[in-house]
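# Structure for this input, please:
(2 chains)
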Amino acid sequence: MQVPAACVSGSQKVYGMSHAILLYSERGGQTVFASIHDVSMSKEGGARIEAGSPVSKAGLVKMMQTLLPEDYAPAELLGNHILAKGSDHLVWYCKPQKRHVWFNNDEIGRDVSAATHQPGLVFVISKEDWHVFAVKGNRRPTSSTPLYVAPYLNVWAGGRICTGNIETPKGTMRFSTEAWEEVFFRSYFTHPNQHEKGALTKYRGGIFSLWRALMKGRAFPTESLVRAGETLGQAFERTVKHG
Amino acid sequence: MRNGIGSARALVQECAEGRPVAASSGGFAAGFLTLPSIPQHLPVTSVVDENEGKWLQTARLCAELVEDDELVINDRTSARDIIGQSLSAWASKHCADIQVLDKFELIASLDRDAFGLDYEGEPEKNCLYIGIQSQQTTPYINVKAKVEMLESVHPGLGRTAVSIAEMASYRTFTAFTPQVALHHASYLYWYGMDNDEDFKEEFGECGGEEELDDETLLPSQFLASFPSYLTSGECLEREVIQRIATGNEAAGETARVILSIMDLINQGAQMPYLKEFYGEPVYFSCYMGTGDDMLGRVIDDFYQSTSDGGEYTDMYGVAEVDFNKRAFCKWKSEMEKGFALYTQLDRLMRCIGEVQ
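The predicted structure follows:
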């Protein structure tokens, strides 16, 4: 018996040439205009650049939007909770409220959940990372607002969230604060990423005691928040401007 | 690392602790100007495989399966060509003596979705997947004449051969025997029951206004359509089989094949499929019957039911192999034992039946 064998790949993509953009300039000088052309294929498989038309500024912008949709945020009015927004970042404030949280952890419980009080939070989506910080009070933070360590499992020192294999919002959903919050709160918290005593909370008994108490309905003890050592403005510089 | 809480409740996927952090944390698409590693000498159409490095790693492992002169390599040979050639040459060598049972193809992939199987939200793993796909050449093997001859010469030998063939097929590629037909028939006709008493009780509870009539097929009628050596009866002891194996006639050859299968099973021979393989193979290594029984009816109804949906697949199984030599060698060793067992099963089927 002859056994055939094959490889299949879901990651393989085939790119075909469809259009060409020609740039024109004086010899050694700056490009002064561009034209866009259809590309046709000959029977022999060769490519041929057809007659083209000048590219307009609007056309170039449209092309960039098609090629890099995530760099072009949809036009919209900003909500009051948005603190900063750009093509590669999004910062917003989430006021103190009750949210459902989920744990899969030996100390707190396996596959347990409850609606619990949360402190005020600031989320920062930057080019590479996703951070969370806590803030005291229920007012919209400003550049000089001091930040506190977000007292959650799976958050590194400096506020970076360990995403593991969870699907973070992509495409147009990348600018949806609700989508990010949904991912943050509706994933299992599994283990602390900071182990020094008092690094995550000043609550007596530590982080696990805090969440066990919150799951029983305790109001969030803001006095238990640990200073992050930076203001919102400084955190923005660190995570977005220099992130 | 975060764990998702399942598809019903979250936007996220479940993952196990200790898995690598997803590359998606930044979430930004690569700029189009930096996207291709598209070779410049292929300006019209370019094929880009994001897993080229892993294919190369796999090719290095697979090349160890064969001798250098078994590979045809030139300046246009890709890593995937080497994998295909190596797997094919190696498997063909080990399956050279298979003549009647269903043929199969080996398929390597870095992505289990390539097999069209539903893994119920489990996270992707960083490993090589090797699947075995039926070539849909399942033969019907009529065992009536030869097994009855064996039974007349050595009572119990025919039954033993049928029983050991079933056992070998469960460990390689399942044969559609009367026992397997009974299993499918129980779900097709009898609410999962396989005897008259349980079926009648279940029918009373589930059958509504309907009543059993003369046309209702009962499990006992189904079983009665087969000679007893196909469905029940004691098997011979190994010592008895060994005595028969010393003879030169057909019974001796059958006994020798039975013994070699017993030895392979004792060594743990079994195709290394995933235990948690999601999907039910829809093809079989062979259909085994007498030509005058209810096997054909169940086969027809089974295939009719598979067209109504479900997790049916033309894959016999899929193995996960980690990207290291030790794991690959373990898979290779298990596969070779599996091939040996399938080869002996093929030999046994020729001893006890005729392809129709």
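
# Please make it C-alpha for all contacts and neighbour counts, starting now.
Will do.

# confidence score at the residue nearest the centre of chain B?
Closest residue to the average C-alpha location of chain B: B:Tyr316 at 2.9 Å, with Cα atoms, centre = their mean. Looking at B:Tyr316, its pLDDT is 89.

# Who are the contact partners of it?
Going by Cα atoms under 8 Å, 6 or more residues apart in numbering or on different chains, B:Tyr316 touches B:Gly131, B:Ile132, B:Gln133, B:Ser134, B:Phe173, B:Pro281, B:Tyr283.

# how far is stretch A:201-209 from where the chain is centred?
28 Å (Cα atoms, centre = their mean, to the nearest Å).

# which outside residues touch that stretch?
Residues outside stretch A:201-209 that contact it (Cα under 8 Å, 6+ apart): A:107-108, A:149, A:151-152, A:197-198, A:200, A:210, A:221, A:223-226.

# same deal with stretch B:166-186?
With contacts defined as Cα under 8 Å, 6+ apart, stretch B:166-186 is touched by B:192-194, B:219, B:222-223, B:226, B:230-231, B:261, B:265, B:269-271, B:284-289, B:295, B:298-299, B:302, B:316, B:338, B:341-342, B:345.

# Which of these fall in helices?
Using DSSP state H, B:219, B:222-223, B:230-231, B:261, B:265, B:295, B:298-299, B:302, B:338, B:341-342, B:345 are the members of those that sit in helices.

# what about the closest residue to chain A within the stretch 151-300 of chain B, neighbour count?
Proximity to chain A, evaluated over the stretch 151-300 of chain B using Cα to the nearest Cα, is greatest for B:Ser285 at 13.6 Å. Counted with other Cα atoms under 10 Å in any protein chain shown, the neighbours of B:Ser285 add up to 28.

# Alpha carbons of the helix or strand harbouring A:Glu182, in PDB - could you do that?
Assessed by DSSP states H and E, A:Glu182 sits inside helix A:177-185. Written as PDB, here are the backbone C-alpha positions of helix A:177-185 (Å, rounded to 0.1, in the frame of the first residue of the first chain):
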ATOM      1  CA  THR A 177     -14.000  50.800  26.000                       C
ATOM      2  CA  GLU A 178     -16.900  48.400  26.800                       C
ATOM      3  CA  ALA A 179     -15.300  45.600  24.800                       C
ATOM      4  CA  TRP A 180     -12.000  46.000  26.800                       C
ATOM      5  CA  GLU A 181     -13.800  46.100  30.100                       C
ATOM      6  CA  GLU A 182     -15.800  43.100  29.100                       C
ATOM      7  CA  VAL A 183     -12.600  41.200  28.400                       C
ATOM      8  CA  PHE A 184     -11.000  42.400  31.700                       C
ATOM      9  CA  PHE A 185     -13.900  41.500  33.900                       C
END
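
# any idea of the mean pLDDT for it?
Here the average pLDDT along helix A:177-185 is 92.

# cool, stretch B:329-342 as well?
Stretch B:329-342 shows a mean pLDDT of 96.

# Quick one: check it for contact with chain A.
No. Using Cα under 8 Å from any Cα of the partner chain, we find that stretch B:329-342 stays clear of chain A, coming within 11.2 Å at best.

# in the stretch 151-300 of chain B, which spans are strands?
B:280-281, B:287-289 (DSSP state E, counting those that start in this stretch).

# what's around residue 111, how many residues?
I went with chain A, as the question did not name one. As a burial measure, A:Asp111 scores 14 neighbours (other Cα under 10 Å).

# not what I meant, chain B
By other Cα under 10 Å, 19 other residues sit near B:Asp111.

# if I look at it, how far off is chain A?
Distance of B:Asp111 to chain A, given as Cα to the nearest Cα, to the nearest Å: 6 Å.

# Chain B: helices as residue ranges?
Assigned helices in chain B, in chain order: B:52-63, B:79-94, B:144-153, B:157-171, B:178-189, B:196-206, B:219-224, B:228-231, B:238-245, B:250-266, B:295-306, B:325-352 (criterion: DSSP H).

# mean pLDDT for those helices: which is lowest?
Among these, helix B:196-206 scores lowest, with a mean of 76.

# ok, residues contacting that one?
When contacts are defined by Cα under 8 Å, 6+ apart, helix B:196-206 is touched by residues B:Trp190, B:Tyr191, B:Met193, B:Leu218, B:Pro219, B:Ser220.

# With stretch B:72-80 instead?
Residues from elsewhere that reach stretch B:72-80 (Cα under 8 Å, 6+ apart): A:Ala6, A:Cys7, B:Trp55, B:Leu56, B:Thr58, B:Ala59, B:Ile82, B:Gln85.
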